[in-house]
Each structure stands twice: as structure tokens, then as C-alpha cells.
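**Q** Output the structure for:
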Amino acid sequence: MNIRQPVKLNTMTSERMCAALIMCLVTVTETVASPYIKWQDHLDLHIGTGGFGFGVGGAPPGATLPFGMVRASPDTCDIVGFADNFQHFGGYSFADSYTEAFTHLHMVGSGVQDYGNVGIMPWAGEVSSETIKDEGHRSKFTHEDETIRAGFYSVFLERPRVQASLTVCGFQVAMHQYQYKNSEKDRLVLVDLSRSLPAGRVVNSQISLLTDTTFQGELLHSGPLTGRNGYGIKIFVAGQFDTGAKDTGAWVDGKLTTNRTTIGKSVGAFFNFGKSTTNVTLLLSLSFVSLEQAWTNIRLQAGNKTFDECTANAGTQWDDILSRVAVELPDVSGSDKVWWNEQATKFYTALYHSFMAPTTFSESEGVYLGFDNQTHTMPGSNHFMSDMSIWDIFRTQVPLLSLLLPSRSYEIGLSLLKMADEGGDVPRWPIATVYSGCMIGTHAGVILLDTVVKNLGIDPKQAYAAMRPAAFEPRKHAGRDGIQDYIQLGYVPSEKYSTSCSRTLAYSFDDWAVSQMAALAGEMDDAAILHNRSQRAFRAMWNKDRMLMCPRASNGTMHCPRDPRYNSWVVSEDEGYTEGDAEQWLWFVPHDIKGLIGLFPSQQQYVDKLTDFFENAKKFKSTTLPNPSYWAGNEPDILAPFQFNHAGRPDLTQKYSREIMEEWYSVAPNGMPGNDDYGALSAWYVWSSLGLYPLTGTTTYILCSPVFPNVTLTLENGNQLRIIAHNAGKENVYVVRGELGGNSIDVVNNAFVDHKDLLKAGILELWMSNEPPKG
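**A** As a prediction, the model looks like this:
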């Protein structure tokens, strides 16, 4: 270290002595380099914006806060204006070269398109009935002209010659900054309240031009999920420019108008700032509560902040979260350095995507619109959360929050209970204030259980009271179609209900979760009933001759598919499985993997069949269509790589999890194997990189294969957890020795770690090798 030489103390006053000490400390701080890399150098938000078919990541790359409602991001298309729904779940596709508008509500890597509301677009020139059409103002751009950071997006739009930059000032407030480069034309901003992504529509809308700097409006949007309540969602909008316009106007259903308030199916407005204005800034706020609340959001979230101040604040909020996970890389060069940097980029980008959702739905001062369409206020500083892809996130993303941001997991659990209280049921896929009814099962109960067993603050009695109804009776918004037949027969009969085998396995898992919660709530009779139902259900699907989980009819007849690797659902056929095939659903008994192993003739046959599952997957290199064996791009089987540990073969867990990370994840725009589903696949990658994988609803982590030599997690309470992987490297994927807090771990026969033990120990050390341990 280059430390200043001490000065003779007898020549100094006390003030000078203090100053010298401070200078010395500063010098030490400046010269001692941290061994940890900067996450900002390893964030590539183009990852997950590409892909084709079922390999689309669907991530919007625009500006947002962690868990932000507003995701200010470009909606893009190709040269003729085509934007296929399948490629634009998040509004943006890396394959495109044209921007149609910057919109403010986006789904996060989902496999369905919705939102894409409130379009803003800068323009240069005249306004006409042609200009206000999408094709009239869409602009070419190049990826070389994009700058994307956490909380910031900027691009040069070639047609109007405008540098367009976006940031966010709060959960509900975006800020746009437009720098006009064309000196010969009027500079305008177009505001389109009828904008939505193609799969949805704005039913009606209204905009009012208040002054030469302000406007407000509202719209009713109905999309594939948001419209499932029968009418859609109402969104309120408030906008404020920093510069007065020389001319304003509006349009309705394709025609320009001078009316100050315009109502119609398709409405918008323009603000013309003349030829001399070079910079225009727009604050835009959304609210699901009211127009007044939209203005309150601007006042309290943005205040008098400048664009740069909001950008800096957004970066700080991301830094507060992402810097909680500090990664150290080895000092290498050449191709080794390239490989390590790619691992870091994949990791931190996945970590970022893991924290994009759910959506903070409560607004300034804790106000939110509930599932009863009434206005409520969250207690204390808690946030009300929505937009939860529960079928996906319960597996990986929520447990990651439970470890790193337990207060956010608590808020998710609290929000689920408020939805049940205000709307009547615990939801299975809530979006905004809508029970979307998407997917199967009542897996929100597993999330609630996870918060309880990890002592995050949810009351088990309250949780059980909310979970119980869907387990015993038909409920309008629950995910248990056929519950009465299921209770009577012990399974969902195939001739009455679609995807019956998957439903039965899902309900078995859900029954286990409710039984665990019942026991924690002291309802032991219910706990016993539900436990027995859970055990009975998954065993009822087992066909010992085919060694598969197969649909069963009411009369007991089983109907195993002729080809267990045929994804019939892709062509709208029903062979009993949800978004998967018989091979992929075979492994879905997450609550009793030992029980699943016991169904096989021997443990070795279980291992052999699971091994074949991964070896067969290697024959399919594309993500355009679902892989018929292990499918890294969807959720039903993403636990499968880690299920070798339960059969005493953690070496195979380590081998295949690392192969998946190398084969199916990359730093390219198509670097995700499928829809990210609100961070579910990204969190899978984060967990796998750390060398741990959660069994949701329990306190158990499965040991796998850590990538980095040293990772330090700074937990929410300030404590640290270090995961050290000695001899970590590309080829060293096997764990041959382990210690938790200095105590030895059996890394062969009991390769698991308990959540509470992990936090108490504070350090997990694993020794890596290119060969599995013997014995």
C-alpha cells in the first residue's frame, strides 16, 4: 500500500493532526482496491430482448426502478410496422430497427402480451392526420445509438433527429428528455392515450389540455389478462413539460381537433415547441386511483428534481439492491478472462431482471386501488404489490427475495392476503386489480408458506384462513377446477377436465402447502386430511409400467401418451399436461421427491431415467420450439436438475446445472432459454451461480455448483453471508468438500443446507474439482 509517511507530531496543532489522519485514511481508501467487481460494468440489458418463438426472453430494456410500476421503454417494430405478439411480450424486440413509441406499462418477460399504455413520441415537422398514425411517426434507430443503464434508456431517433432519453423519478413517475437536432422544423411531442400493445386495446379514452405545459387524461384498457374481469383497467395520466408550447392540439379517432378536452376510442394530443427550443423535458405520472393521485405522484415522487437527479436517484436505488451481492473474479487474462467476464455479465443481468417485479402497485402516501375497486392505504411503509406471475415466481424469484430482501417477500405475502380479503380469494396470477385466472393451481399458498417458515412476519393463522377455502370448495378465482372430483376420487378425472394430470400434481403440491400451514396454525385435523390427500394424488398419477405420471379417468383407466415427449399443447391438443409433456411433468413432486423416487423400481432406475432426461435434451439445440426433454425455457421442470441430490448423486446435479448455464444462457440478446416470466428464469440462473437452489415452502437449499470463487451477500439486516468456492473455474464443477460455519458438510449423501443454519453460520465454503468425489 502507498501510505503517506508520518509527520513529526510535535510540530502540529490538534487540528492539523486530525487533518493529517483524515488525509491518511483517504489515501489508504483510495489505494486499496476492492477485490469485488462493479456490477455496473457487467450489466447488459439487451440480454433477454431477443430470441424467436418459445425462446423469446420478453424483457423490456427501458427505465424503471426495482419493482417499479412505470417501466418506460420503447415499443418497437420492423420496417413495415410489423410487431408479432409472440416476439413483443415486453414491447421491444432486439430484431427490430424502428421505434413506434415510448410507453409506460410493460409486462416483464411473460408469455402473454398486455399493457403497453400511454405512448409518447418526439416529432419534428408538421402535424397531420398522417403524422398521428403509428406509421406516420415511427422512427428508425440502431442499437449502436442506444445507451442502457439501470434506471436509464437513451436512443437517437433518426427520422425526427432527436436524442430521446428516459428515466424514472419514482414507482409511478417517468421523465422524458428530448434533445432536438433538426434546426429547420418545429419540435413536437405526441401524446397517444389510445396506445397499447397489439394484443390489447384501449376501449375509450379522454385527454384534456390544461395549459401550454400540462395535460391530463384517463383511459380504459383491456388486454388478454387485464380484460379478464370483463371490462379492463382504468389508468389515469398526468403530464407536465418544463417548457411552454407555442401551439397545442388534439386528435380523436384519426381527426385533428382544437377542443381542449377530447373523448373517444382513440385520442391524443400534440405539443408544438417551435423551431428555437432545443431541449424538452416531460414528467409523466400514472395512477390506478384517480387524476388527483396522478398529480400527487408527480409532486411527491418528482418534486423539483432535474432529469439528471432522477437518473442518479434511480441508479442509486438499483445500486442499493444489486451491490448487496458482491462478486470476486480471479486475476486471469486471455480467453479465461473473457469467460469470467461473461459469467459476471450473465449473473448481474439476471440479478437485475430478478428485481424488476412484482409491481409496486401502491402509490404515493401508500394509496392503492384494491381488488374490490375501492381505495385503500397500506399500513406503515409497506407496499402493495401486484403483477405476480405466481405459477412461475414461486419456484425461484420469491425465495431469492426471501433471502436478500425479506421485507419485499413479506409485502408480497401481505398483498396476497389483502387481495383475498378485498377480492374474496387468494389469486393465482394477479395483474393490476384483476384476477387473471392464468395457469393452474393455488401456488400463492406456497409463497405464503415460504414467508412463514422463514419467519418473515406473516401470521400463519391469517394465511391459513385465506388458503383453506380453495382447498375444500369451488372458488371463483382459485386455480382448482375440478376440486370436488379431486376430493372424491383423489385426482382430477381426465374426461372432465383438460390438463388433468398436471392439475392433479399441482393440487397435490398445493395440498401439501396448505397442510403445512394448517399445522403451523394449529389446525391439526385439517393438516392430516390435506397431507393424506397430497400423498394420494401424485401416487394416483403414477403408471409403474411406463414409469410416467399419466392422466386417469373417473373409472380408474389410465391414458399414458404414446410419445411422452410430444408437446401436444403447442398444437392445442390435450394429453393431460400444462405447458409441457409427460417427461417434463414426471418430476413435479417438489414436496416429496423421496416419495417420487420410491415409486421407481429402484433408486438407480430413477437416476438413470433422470439422466436420460438431460442427455436427450442435448439433441435439441434450438429454443424456437419447446425442448421435448428437459426444457430450460419453461417452469414445470426447472427443479429437475437438482433432484439428483435426493438420490445421493449431487455430482449429476452439479454436472447438469452447469451444463444448462453454459448451453442455454449467454450474453447475447437471445441469451435466455425462454420467457423470463417475471424473473423466474433469471432467478434460476442466480441461484445456480451461487451454488444453492431453494425448495420453496421449506427452509431447505439444495447444494449445486457455485461459479464464482467468492460471493458476499449483504443481507437486509446488515449481516453478511459469504459463499466461497475454492478452485472455482469453468471445468471445476464438482463439489468435493464443504463446510458451513467451519462445520463439515456431507456433500455426497446429504448435500443440503438449511436456511436458518446458513444465516447463522454466515459462511459456506465449498471445494471444487473437475472430478466428482469418490464414495
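**Q** residues contacting residue 258?
**A** For residue 258, the residues meeting the contact criterion (Cβ atoms under 8 Å, 6 or more residues apart in numbering) are 249-250. Quick note: C-beta positions are derived from backbone N, CA and C, even for glycine.
**Q** What score does it have for pLDDT?
**A** pLDDT for residue 258: 92.
**Q** That one and residue 251: what is the separation?
**A** Look at residue 258 and residue 251: by Cβ to Cβ, to the nearest Å, they are 11 Å apart.
**Q** can you give me the strands in the stretch 501-650 of the chain?
**A** Residue ranges of the strands in the stretch 501-650 of the chain, as given by DSSP state E, counting those that start in this stretch, are 542-543, 548-549.
**Q** Isn't residue 513 up against residue 445?
**A** Yes - with contact defined as Cβ atoms under 8 Å, residue 513 reaches residue 445; the gap is 4.5 Å.
**Q** what's the overlap in contacts for the two?
**A** residue 467.
**Q** which residues does residue 175 form a beta bridge with?
**A** Here residue 175 sits in beta bridges with residue 167, residue 283, as judged by DSSP bridges.
**Q** residues near residue 336, how many?
**A** Residues lying near residue 336 (other Cβ atoms under 10 Å) number 13.
**Q** Run through the helices of the stretch 351-500 of the chain in chain order.
**A** 390-393, 397-404, 406-423, 444-453, 460-472, 483-489, 500-520 (DSSP state H, counting those that start in this stretch).
**Q** out of the ones you listed, nearest to residue 731?
**A** For the helices of the stretch 351-500 of the chain, proximity to residue 731 was assessed by Cβ to Cβ; helix 397-404 is nearest, at 27.2 Å.
**Q** I would like the residues contacting that closest one, please.
**A** Counting by Cβ under 8 Å, 6+ apart, residues outside helix 397-404 touching it are 321, 324-325, 354, 357, 408-409, 412, 447, 450-451, 454, 456, 678-680, 682-683, 686-687, 694, 696, 713, 715-716, 755.
**Q** Report the buried members of these.
**A** For the contacts of helix 397-404, a burial check counting by 16 or more other Cβ atoms under 10 Å picks out 321, 324-325, 354, 357, 408-409, 412, 447, 450-451, 454, 456, 678-680, 682-683, 686-687, 694, 696, 713, 755.
**Q** Could I get the full set of helices for the stretch 551-700 of the chain?
**A** 582-585, 593-599, 603-617, 650-664, 680-690.
**Q** okay if I get these as a markdown table plus mean pLDDT and distance to residue 122?
**A** Output for the helices of the stretch 551-700 of the chain, formatted as a markdown table (pLDDT from 0 to 100; distance: least, Cβ to Cβ, whole Å):
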| stretch | mean pLDDT | distance to residue 122 |
| --- | --- | --- |
| helix 582-585 | 97 | 47 |
| helix 593-599 | 98 | 55 |
| helix 603-617 | 98 | 47 |
| helix 650-664 | 98 | 38 |
| helix 680-690 | 98 | 32 |
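**Q** which one of the ones you listed lies closest to residue 75?
**A** helix 680-690 (21.9 Å).
**Q** Going by contacts, tell me the helices and strands next to the closest one.
**A** With contacts taken as 3 or more Cβ pairs under 8 Å, 6 or more residues apart in numbering; DSSP states H and E, helix 680-690 sits against helix 334-354, helix 390-393, helix 397-404, helix 650-664.
**Q** Let's have those helices in a markdown table, adding distance to residue 378.
**A** Formatted as a markdown table, the helices and strands packed on helix 680-690 follow (distance: least, Cβ to Cβ, whole Å):
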| stretch | distance to residue 378 |
| --- | --- |
| helix 334-354 | 23 |
| helix 390-393 | 20 |
| helix 397-404 | 18 |
| helix 650-664 | 38 |
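**Q** Can you check which of these gets nearest to residue 65?
**A** Among these, helix 334-354 sits nearest to residue 65 (Cβ to Cβ), with 11.6 Å.
**Q** which parts of that closest one are buried?
**A** 340-354.
**Q** Can you tell me what sits against that helix?
**A** Contact with helix 334-354 is made by 37, 39, 42-45, 47-48, 59, 108-109, 150, 318, 322, 325, 327, 329-330, 332, 397, 400, 661, 665-667, 671, 676, 679, 682-683, 685-686, 689, 707-708, 730, as judged by Cβ under 8 Å, 6+ apart.
**Q** Flag every buried residue along stretch 451-464.
**A** In terms of neighbour count (16+ other Cβ under 10 Å), stretch 451-464 has its buried residues at 451-454, 456, 458, 460, 462-464.
**Q** Any chance of a markdown table for the residues you listed, columns distance to residue 566 and pLDDT?
**A** Converted to a markdown table, the buried residues of stretch 451-464 look like this (distance: Cβ to Cβ, whole Å; pLDDT from 0 to 100):
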| residue | distance to residue 566 | pLDDT |
| --- | --- | --- |
| 451 | 38 | 98 |
| 452 | 39 | 98 |
| 453 | 38 | 98 |
| 454 | 39 | 97 |
| 456 | 42 | 96 |
| 458 | 41 | 98 |
| 460 | 42 | 98 |
| 462 | 44 | 98 |
| 463 | 39 | 98 |
| 464 | 40 | 98 |
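**Q** CSV for these, including distance to residue 481?
**A** Formatted as CSV, these follow (distance: Cβ to Cβ, whole Å):
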residue, distance to residue 481
451, 26
452, 27
453, 28
454, 31
456, 31
458, 27
460, 27
462, 26
463, 23
464, 22
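**Q** of those residues, closest to residue 738?
**A** Distance to residue 738 across the buried residues of stretch 451-464 (Cβ to Cβ) is lowest for residue 454, with 22.1 Å.
**Q** how far away is the closest one from residue 447?
**A** 11 Å.
**Q** How about residue 716?
**A** Taking Cβ to Cβ as the criterion, residue 716 is separated from residue 447 by 18 Å.
**Q** sorry, back to before: narrow the contacts of helix 334-354 to those in strands?
**A** Judged by DSSP state E, strands contain the following of the contacts of helix 334-354: 325, 327.
**Q** Please pick the buried ones from the contacts of helix 334-354.
**A** 37, 39, 42-45, 47-48, 59, 108-109, 150, 318, 322, 325, 327, 329, 397, 400, 661, 665-667, 671, 676, 679, 682-683, 685-686, 689, 707-708.
**Q** Least confident secondary structure element in this protein?
**A** Least confident element among the helices and strands of the chain, by mean pLDDT, DSSP states H and E: helix 14-31 (a mean of 39).
**Q** what mean pLDDT does whichever helix or strand comes after that helix have?
**A** Remark: after helix 14-31, the chain's next helix or strand is strand 73-77, criterion DSSP states H and E. The pLDDT scores in strand 73-77 average 97.
**Q** How about stretch 49-65?
**A** For stretch 49-65, mean pLDDT rounds to 96.
**Q** And for stretch 176-192?
**A** 93.
**Q** Pull out the buried residues from that stretch.
**A** Within stretch 176-192, the residues that count as buried by 16+ other Cβ under 10 Å are 176-180, 186-192.
**Q** From the opening residue of it to its closing one, how far?
**A** End-to-end distance for stretch 176-192, by Cα to Cα, to the nearest Å: 15 Å.
**Q** so how far is that stretch off the chain centroid?
**A** Taking Cα atoms, centre = their mean, to the nearest Å, one finds stretch 176-192 lying 34 Å from the centre of the chain it belongs to.
**Q** Repeat that for stretch 391-398.
**A** Relative to its chain's centre, stretch 391-398 lies at 9 Å (Cα atoms, centre = their mean).
**Q** Please identify the buried residues of it?
**A** The neighbour-count check on stretch 391-398 (16+ other Cβ under 10 Å) flags 391-398 as buried.
**Q** just stretch 428-435 next, same as before
**A** If you call a residue buried by 16+ other Cβ under 10 Å, then stretch 428-435 has these buried ones: 428-435.
**Q** Next: stretch 310-318.
**A** Residues of stretch 310-318 classed as buried by neighbour count (16+ other Cβ under 10 Å): 310-311, 313-315, 317-318.
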